[in-house]
Structures are given as structure tokens and as C-alpha cells.
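# below is the sequence, then the predicted model.
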Amino acid sequence: MLNGINNFDFLRIISLDSAFQVSQQTVSIIERFGKFTKIANAGINFKIPFIDQIVTTQSLRIQQLDVRVSTKTKDNVFVDVVVSAQYRILDDKNQIYKSYYELEDVKEQINSYLFDVVRAEVPKMKLDEVFEKKDEIANAIKIELGEAIDGFGYEIVKTLVTDIDVDDRIIQAMNEIVASEREKLAAIEKAEAEKILMVKRAEAEAESKKLQGEGIANQRIAIINGFKESIDEMKKIEGIQSTEILNLILITQYFDTLKDVAASDSNTIMMPNSPSNFSEIGTQIREAIISGNLVAKKD
């Protein structure tokens, strides 16, 4: 017996205090009278009862810290950037030692560096660029953060910009700007299309008038040639004068015109007229031809 405790109970207490279990992907740090002694890995481990103490058990799994950082962009828009930093303790005795004894609060340290890097990177960019270059922001955070905690037993596995939160009024204004730009582009495209149609329509009209003019000219040439042939044939008749021939042709054209008008669907008002007036028309034509010849001779 030892002060009321038998030997069996004493040995049992010692054995229970000396043997301990460490779970997978964790390590325990052992101190002896306040001084670091060893690192216990996963499995069954032993320590000196009442002398060695388990001061902490560290996880080697990847851990994640989510941080929301409020900052301002280059175009003076305030945004909340949510960054997720994934980190872990390096599986090495020296690194595990440093992670506990040289860094008091890793989460607070990471949080501080995240704030510093985000507030250094985002103000260099406009709001549109923040959305477009969020991967670049995440990569810059990883580099800066990795260099900062490199000597403290931790490794930055990955950093992610998981959210960029902007005031609803800013989002609405941005949407209105984009909509306005789209409408402007649509108006420009519509105007260009109308311009092309107008040009093509004008070209088609010009070509049509050209062809129409050529057709009328050819028609007149054909009519003149027909008149000429008719006059030449009529001259062969004895006793007929050129004026009578011309009057006959004009009367024929007159009646042909009346025939065409009657056959059409148009509403035509016929003014009182007499075929005898064609003699006056013939006289006017002859006088015009004679005047033209005199002017040509004077020139």
C-alpha cells in the first residue's frame, strides 16, 4: 500500500498516464517541465507520467480561412472581397515545431496579410477589372502570403476570391451603362444598314433611269427610222407633198395614242380637239427645224 493506494492501482494510473493515442493526420507536442521534448505522430505513443505533458495536438489537414475585406477600386467604388485561404502545417518535425512555438495565432496572421494584399491590389483596378482579374488577385495573395509565413511551418495551398460584393445601386448603374452602350451600338448598326439600303436603292434607281433613258432613246430612233421609211415610201406616190405626208403620219400617231389611252385603266379627261390642228403642229415643227439650221449656219 502507498498512502491508501495499492501497487496495482498505482501501476494502472502510471500506465494510463504514460500511454496515449494520436489520431491520423495529427501530431502532439510533448513538453517536459515546460521545455519541448518531442513530437508524437499518429498511433500509440508513450511519455513519462507526471513529468511529460501533451501541450497541444496539431492537425495536418488542409484548413480554410474565409476573410471578407472591404476596400475601394480605382474608380472609387467600394466593394467587399471575400477571400478563402487554404493552408496546412508542413509534415516535418522542424516545421511542426515552428508552427507552434514561433507563430502564436496563424489565423490572425493570415487574416492580417489578406487584408494587406487585397487593399494593395484592388485599388489598382477599376471595378470591371476586379471581376475580370480575380484570379490574378488570388494568385498575388497566395504569393505574398506564402512568402510571409514560409518560415513559420505553414504552407499556403491555394487562395480563392470566392465573392465580390458590390452595392445594388452600383450594379443597377452598371447594367444601365451596359444597356445604353448596347442600344447605341444597335442604333449605329441600324443606321449603317439603312445607309447601305439607301445607297443600293439610289444605285438601282440610277441604273434604272439609265436603262430607261437608253430605252426611250432607242425607241425614238426606231420611231424616226420608221417615219423616214414611211416618208420615203410615200414620196414614191405621184402628186403628194411632204407636208401632207407629215400630217398623215401625225394623224396616225394621234389615233394610235387615243387607242392606247382607251385600252388603259387610267382615268383620262379628253379635252376638245380636232385632227385639223395637226397642220399647225406640223408648221411649228418645220419652223423649229428651219430656225435651228439658221442658228447652226451663223455659228
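That came through fine.
# ranking helices and strands of the protein by mean pLDDT, which lands last?
The helix or strand of the chain with the lowest confidence, counting by mean pLDDT, DSSP states H and E, is helix 278-298 at a mean of 60.
# for the longest helix seen in the chain, packing partners?
Of all segments of type helix in the chain, defined using DSSP state H, the longest is helix 168-235. Packing partners of helix 168-235 (3 or more Cβ pairs under 8 Å, 6 or more residues apart in numbering; DSSP states H and E): helix 242-263. Every residue, glycine included, has its C-beta placed from N, CA and C.
# can you list the domains in this protein?
Listed domain ranges for the chain are 7-59, 63-166, 241-264+273-299 (source: automatic domain parsing).
# just the pLDDT at residue 182, thanks.
At residue 182, the model reports a pLDDT of 76.
# now for residue 128, how many residues are close by?
Neighbour count for residue 128, taken as other Cβ atoms under 10 Å: 12.
# if you could redo that for residue 77, that was the one I meant.
For residue 77, the neighbour count with other Cβ under 10 Å is 18.
# what of residue 112?
14.
# assumed residue 24 was part of a helix.
No: counting by DSSP: H, G, I helix; E, B strand; the rest coil, residue 24 falls outside a helix, being coil.
# number of residues surrounding it?
For residue 24, the count of nearby residues is 9 (other Cβ under 10 Å).
# right, and it touches residue 59 too?
No: counting by Cβ atoms under 8 Å, residue 24 stays clear of residue 59, with 10.2 Å between them.
# look at residue 225 and report its pLDDT.
For residue 225, the predicted pLDDT is 73.
# do the same with residue 179
For residue 179, the model assigns a pLDDT of 71.
# same question, residue 85
90.
# show me what contacts it?
64, 65, 67, 110, 114, 141, 145, 156, 159 (Cβ atoms under 8 Å, 6 or more residues apart in numbering).
# buried residues of stretch 139-152, list them for me.
Buried residues in stretch 139-152, counted by 16 or more other Cβ atoms under 10 Å: 140, 141, 142, 144, 145, 146, 148, 149, 152.
# the nearest residue to the first one once chain neighbours are set aside: what secondary structure?
Spatial nearest neighbour of residue 140, chain neighbours left out: residue 121 (5.3 Å); criterion: Cβ to Cβ, 6 or more residues apart in numbering. Following three-state DSSP, we place residue 121 in the helix state.
# likewise residue 57?
Applying three-state DSSP: residue 57 is strand.
# what pLDDT does the model give the spatially closest residue to it that is not a sequence neighbour?
Take residue 57 and drop its neighbours on the chain: the residue closest to it by Cβ to Cβ, 6+ apart is residue 28, 4.7 Å away. pLDDT recorded at residue 28 is 93.
# and residue 28, that one's in a strand?
Yes: judged by three-state DSSP, residue 28 forms part of a strand.
# who is it paired with across the strands?
Beta-bridge partners for residue 28, by DSSP bridges, are residue 40, residue 57.
# number of nearby residues for it?
Neighbour number of residue 28 under other Cβ under 10 Å is 21.
# go on, residue 55?
Neighbours around residue 55, by other Cβ under 10 Å: 14.
# these two touch, right, it and residue 31?
Yes: using Cβ under 8 Å, residue 55 is in contact with residue 31, at 4.9 Å.
# I figured the residue nearest to residue 57 was touching residue 37, is that so?
No: with contact defined as Cβ under 8 Å, residue 28 does not reach residue 37; the gap is 10.9 Å.
# tell me who's in contact with the residue nearest to residue 140.
Counted by Cβ under 8 Å, 6+ apart, residue 121 has contacts 137, 140, 141.
# again, only using 10 Å
71, 81, 130, 133, 136, 137, 138, 139, 140, 141, 144 (Cβ atoms under 10 Å, 6 or more residues apart in numbering).
# residues contacting residue 39?
Residues near residue 39 by Cβ under 10 Å, 6+ apart: 22, 27-30, 45, 58, 92-94, 96-97, 100.
# how far away is it from residue 60?
Noted for residue 39: a distance of 11 Å to residue 60, by Cβ to Cβ, to the nearest Å.
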